[in-house]
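*Asks:* build me a structure from this.
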Amino acid sequence: MLQPYREVLSRPGALAFSGSGTLARLPMSMIGIGIVLMVSALYDSYGLAGRVSAVYVVAQAACSPQIARLVDRHGQARIMRPAVAVAATGTVGLVVAATVHAHEAWLYAAAVVTGAAIGSFGSLVRARWTTVLGGDPRRLHTAYSLESALDELVFIVGPVLATVLATSVTPTAGLVVPLVGMLVGGYWFLSLRASEPAVAPHGSPRPRGSVLANPGMIVLAVVFVAMGAIFGATDVSTVAFAEEQGAKGSAGVILAVFAFGSMLSGLAYGARHWVRPLWQRFALGMVALAVGASLFVLVNSLGALAAVMFVTGIAIAPTLVNGNALVQDLVAPARLTEGLTWVGTSLGVGVSVGSSVAGSRIDADGSHAGFLVVVAAAAAAVVATLVALPTLRPRRPAPDAGPEASMQVSSPDQRVPDPQ
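*Replies:* Numbering: from 1, shown residues only. Below is the predicted model:
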């Protein structure tokens, strides 16, 4: 199973930019929960903590696609070097303001600066894979699967690390680690110029408008918002359910099981190449994720919840891989970073919406009311996917297609006839 990954990581510079990109992605799983832990501890207000975190998410959602557009036009290093510096300054400002118990307006301002400049290193890494692998669909499938597995690793380690640091060391410690990851990983990644995607020569025609002018991209954005709402509502509901069961501390372990199932499936999915069209695989994965998530409301013990979440998690990474791969079908190569950032941003917006709505329902009716929000989000994701599925079908030959399209490939070196 590891052979395809060894092959793509053996490309010049691949291991370095993938590793540094993983370190630079620590903020995506730690800053949100780090803000909540720090502000709630220092200001004794979960309401304020939630508002500051929401401001950060909204700023990131609004600005990350615009940063990605600039990256596509001017290059990763030229845009992201100053952006990382600004985001790091905002994070430091947030820590200082909270430490001195500054007026909440300063917290909002620092959160806006951080979110507006932080960008999306996951999109930058995936764009480099497209350059390094020369658009080879088979190897890109493996590389995207690897990055989705690394995303899940970040989400396994990040929240647990932030919680331990904020509760055992100091409330601000949960933001110090993502700050270091942002600076060390970010500038290491941006120093690797050999793998950086080329930009169009000065004076060449530039695409106008937004990638969202493509109906397929709108569908992906909507589906990813709903998918994010599944994750956000699941996080909050799991914490509440564990507390009702008298074991609040086990919530982190259960959520890690969720991400662990996704990480394993992502690695297994990327080690095999598939004949079924990409848009069909995306739809099937979305249905499988929704069915599994809908079972959360039926569990009555922590053990049962962990088991269901592990099985459901198996559908996450392949669906994310396919969604990101669809972006490559739907947008022009010169706008790939922007397209990838839109789906990542949509996922983050959904997480924020799902956690907020589920939180209010939990306050009113308990954890199972939160799990009902998960079910509603899952239903919305499936309906949006199936109704708008024709817009995801490529108008040109599918990237999977080619001379070997009639072959089912179980490994890079072993091919057997497609049983269909």
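*Asks:* next, give phi and psi for the residue nearest the centre of the chain.
*Replies:* Nearest residue to the geometric centre of the chain (C-alpha atoms, centre = their mean): Gly344, 5.3 Å. With angles defined as degrees, to the nearest 10, Gly344 sits at phi -70, psi -40.
*Asks:* list the contacts of it.
*Replies:* 64, 120, 122-123, 224 (C-beta atoms under 8 Å, 6 or more residues apart in numbering). For glycine as for every other residue, the C-beta is placed from the backbone atoms N, C-alpha and C.
*Asks:* distance check, it against Gly323.
*Replies:* Note on Gly344: its distance to Gly323, by C-beta to C-beta, to the nearest Å, is 10 Å.
*Asks:* if we can go back for a sec, distance-wise, check the residue nearest to the centre of the chain relative to Ser10.
*Replies:* From Gly344 to Ser10 the distance is 27 Å (C-beta to C-beta).
*Asks:* check Gly323 too.
*Replies:* 27 Å.
*Asks:* more neighbours: the two, which one.
*Replies:* Gly323 (26 against 9; other C-beta atoms under 10 Å).
*Asks:* in the helix or strand in which the more buried one is found, what's buried?
*Replies:* Assessed by DSSP states H and E, Gly323 sits inside helix 316-330. For helix 316-330, the buried set under the neighbour-count rule, 16 or more other C-beta atoms under 10 Å, comprises 316-330.
*Asks:* what do you get for stretch 376-391?
*Replies:* Applying 16+ other C-beta under 10 Å to stretch 376-391 flags 376-378, 380-382, 384-385, 388-389 as buried.
*Asks:* then stretch 243-257?
*Replies:* 250-252, 254-257.
*Asks:* need the residues you listed in a markdown table with distance to Val113, secondary structure and pLDDT, can you?
*Replies:* Formatted as a markdown table, the buried residues of stretch 243-257 follow (distance: C-beta to C-beta, whole Å; DSSP: H, G, I helix; E, B strand; the rest coil; pLDDT from 0 to 100):
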| residue | distance to Val113 | secondary structure | pLDDT |
| --- | --- | --- | --- |
| Ser250 | 36 | helix | 76 |
| Ala251 | 31 | helix | 76 |
| Gly252 | 29 | helix | 72 |
| Ile254 | 34 | helix | 84 |
| Leu255 | 29 | helix | 80 |
| Ala256 | 31 | helix | 81 |
| Val257 | 35 | helix | 87 |
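*Asks:* what ranges do the strands span in the protein?
*Replies:* Taking DSSP state E, the strands of the chain run over residues 407-411, 414-417.
*Asks:* hmm, Thr238 is touching Ser250, no?
*Replies:* No. Counting by C-beta atoms under 8 Å, Thr238 does not reach Ser250; the two are 9.3 Å apart.
*Asks:* where are the low-confidence patches of the stretch 251-400 of the chain?
*Replies:* For the stretch 251-400 of the chain, applying pLDDT under 70 flags the ranges 394-400.
*Asks:* give the contact list for Gln76.
*Replies:* 124, 127-128, 190, 196-197, 337.
*Asks:* save those residues as TSV, and put in distance to Ala283 and neighbour count too.
*Replies:* Listed next are the contacts of Gln76 as TSV, based on distance: C-beta to C-beta, whole Å; neighbours: other C-beta atoms under 10 Å:
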residue	distance to Ala283	neighbour count
Leu124	28	27
Ala127	25	25
Arg128	28	24
Leu190	36	23
Glu196	34	21
Pro197	30	19
Thr337	25	29
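*Asks:* now, which of the residues you listed lie within helices?
*Replies:* Mapping the contacts of Gln76 onto helices (DSSP state H) picks out 124, 127-128, 190, 337.
*Asks:* looking at the residues you listed, spot the one nearest Ser210.
*Replies:* Thr337 (13.4 Å; C-beta to C-beta).
*Asks:* hang on, the closest one packs against Arg73?
*Replies:* No. Using C-beta under 8 Å, Thr337 is not in contact with Arg73; the gap is 9.7 Å.
*Asks:* hmm, back to that, excluding its backbone neighbours, what's nearest the residue nearest to the centre of the chain?
*Replies:* Ser120 (5.0 Å; C-beta to C-beta, 6 or more residues apart in numbering).
*Asks:* what number of residues lie near the one you found?
*Replies:* 26.
*Asks:* same check, this time on Gly13
*Replies:* 15.
*Asks:* equivalent analysis for the one 10 residues further on, please.
*Replies:* When counting by other C-beta under 10 Å, one arrives at 18 neighbours for Leu23.
*Asks:* same thing with Val311?
*Replies:* 15.
*Asks:* just the helices in the stretch 201-350 of the chain please.
*Replies:* Per DSSP state H, counting those that start in this stretch, the stretch 201-350 of the chain carries helices over the ranges 215-244, 251-270, 278-294, 302-313, 316-330, 336-365.
*Asks:* okay, those helices in TSV with distance to Thr167 next?
*Replies:* Listed next are the helices of the stretch 201-350 of the chain as TSV, based on distance: least, C-beta to C-beta, whole Å:
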stretch	distance to Thr167
helix 215-244	14
helix 251-270	11
helix 278-294	29
helix 302-313	20
helix 316-330	27
helix 336-365	19
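*Asks:* Tyr43 is nearest to which of those?
*Replies:* Of these, nearest to Tyr43 by C-beta to C-beta is helix 336-365, at 17.7 Å.
*Asks:* that closest one: how far from the chain's middle?
*Replies:* 11 Å (C-alpha atoms, centre = their mean, to the nearest Å).
*Asks:* so Ala221 is in contact with Ser346, correct?
*Replies:* Yes. Under the criterion of C-beta under 8 Å, Ala221 makes contact with Ser346 at 4.4 Å.
*Asks:* not counting sequence-adjacent ones, nearest residue to Val125?
*Replies:* Gly21 (3.7 Å).
*Asks:* what's near enough to touch the one you found?
*Replies:* So Gly21 contacts 121-122, 124-125, 128, 147, 185, 189 (C-beta under 8 Å, 6+ apart).
*Asks:* if we can go back for a sec, flag the least confident of the ones in helices among the contacts of Gln76.
*Replies:* Within the ones in helices among the contacts of Gln76, the minimum per-residue pLDDT falls on Thr337 (80).
*Asks:* got phi/psi on the nearest residue to Leu305 once chain neighbours are set aside?
*Replies:* Take Leu305 and drop its neighbours on the chain: the residue closest to it by C-beta to C-beta, 6+ apart is Val299, 4.5 Å away. Main-chain dihedrals, Val299, degrees, to the nearest 10: phi -70, psi 150.
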